[in-house]
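1. Following is a predicted model, sequence given first.
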Amino acid sequence: MRSERLQEGAAQAKAYSRKVLTIVGGIHATTLPADYLHPDIDLVCINEGVFAFREVVEHFEAGRDFRDIAGLAVNHGASGTSRRGDRSRT
């Protein structure tokens, strides 16, 4: 139920502008990241999000790719997803 609501919210944000970056995280995203593999969700943060989120903001502002950030699953649309290992839990 929760993932469906987040997917709906992400779809609304993307309907406003495809440039909106959507990211989800938390215990559900960490334990079941596949629940959030949705066309309107750009990033799924797995494990510790505080440090990953800081890197996401820095990458977003600089126009850099997110694939080198540990602990993220990155949605590439029709070409699938990528994930660069887990971030350690603190």
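-> That came through, no problem.

2. any low-confidence regions in this structure?
-> Residues of the chain that meet the criterion pLDDT under 70 lie in 1-2, 78-90.

3. Just the helices from it, written as ranges.
-> 2-16, 27-31, 49-62 (DSSP state H).

4. hmm, who's touching the first one?
-> Pointing back at helix 2-16 there. Under the criterion C-beta atoms under 8 Å, 6 or more residues apart in numbering, residues 20, 22, 24, 28, 32, 35-36, 38, 40-41 lie in contact with helix 2-16. Where you see a C-beta, it was placed from the backbone N, CA and C, and this is true even at glycine.

5. re earlier: compare the helices of the chain and give me the one nearest I69.
-> Judged by C-beta to C-beta, the one of the helices of the chain that comes nearest to I69 is helix 49-62, at 4.8 Å.

6. For that closest one, C-alpha coordinates in PDB please.
-> Only the C-alpha atoms of helix 49-62 are listed here, as PDB (Å, rounded to 0.1, in the frame of the first residue of the first chain):
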ATOM      1  CA  GLY A  49      20.300   7.800   3.400                       C
ATOM      2  CA  VAL A  50      21.700  10.800   5.200                       C
ATOM      3  CA  PHE A  51      25.100  10.600   3.400                       C
ATOM      4  CA  ALA A  52      23.800   9.300   0.100                       C
ATOM      5  CA  PHE A  53      21.200  12.100   0.000                       C
ATOM      6  CA  ARG A  54      23.900  14.700   0.400                       C
ATOM      7  CA  GLU A  55      25.800  13.100  -2.500                       C
ATOM      8  CA  VAL A  56      22.600  13.000  -4.600                       C
ATOM      9  CA  VAL A  57      22.100  16.800  -4.100                       C
ATOM     10  CA  GLU A  58      25.700  17.500  -5.000                       C
ATOM     11  CA  HIS A  59      25.400  15.300  -8.100                       C
ATOM     12  CA  PHE A  60      22.100  16.800  -9.100                       C
ATOM     13  CA  GLU A  61      23.300  20.400  -8.800                       C
ATOM     14  CA  ALA A  62      26.400  19.600 -10.900                       C
END
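
7. Which positions within it qualify as buried?
-> Within helix 49-62, the residues that count as buried by 16 or more other C-beta atoms under 10 Å are 49, 51-53, 55-56, 59.
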